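*Asks:* here is a sequence together with a model predicted from it:
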Amino acid sequence: MLDDKTRADLAARLEADFERLQADMDELTRNHRETLSEATGENAYRDHMADQGTATFERELDMTFEENEREALDDVRAALDRLKAGTYGTCSRCSAEIPPARLKAMPTATLCITCKEAEETR
């Protein structure tokens, strides 16, 4: 069972993670808009094919980062929702308590160690 101090510490950490990830997403979105205008040919210069290939690679890399950040943000948001609902720290599969040490290592964990191990061995 999570004691009040551990719960408060984890809530503060999740809130800080949420703010950081939201700021990252805002920055990625801003950068995406800027590079999109370049990709659509709105720039005044025609790039060499190698430059276009590099630009395409960088856009794909940015989209991958954005997707990863979005997933992390969704995980943090869901953990905060579980905190508010009073279900934080309970395994979503078997309803067992998730050990505090696991939550400290992975505050967005939704599965206890047993269920997570079973999931990874499939």
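*Replies:* Okay, I see it.

*Asks:* now the residue most central in space within the chain: how far from Pro107?
*Replies:* Geometric centre of the chain, nearest residue: Ala72, 0.9 Å, by CA atoms, centre = their mean. Distance of Ala72 to Pro107, computed by CB to CB, to the nearest Å: 11 Å. No exception for glycine: its C-beta is placed from N, CA and C like everyone else's.

*Asks:* where do the contact lists of those two overlap?
*Replies:* Jointly contacting Ala72 and Pro107 under the rule CB atoms under 8 Å, 6 or more residues apart in numbering are Asp17.

*Asks:* for the helix or strand of the chain with the lowest mean pLDDT, buried residues please.
*Replies:* Lowest by mean pLDDT, DSSP states H and E among the helices and strands of the chain is helix 4-39, with a mean of 86. Residues 7, 9-11, 14, 17-18, 21, 24, 28 are the ones in helix 4-39 that count as buried (16 or more other CB atoms under 10 Å).

*Asks:* identify the farthest-apart pair in those residues.
*Replies:* Arg7 and Leu28 (31.0 Å; CB to CB).

*Asks:* pLDDT weak spots in this protein?
*Replies:* Within the chain, the stretches with pLDDT under 70 are 33-47.
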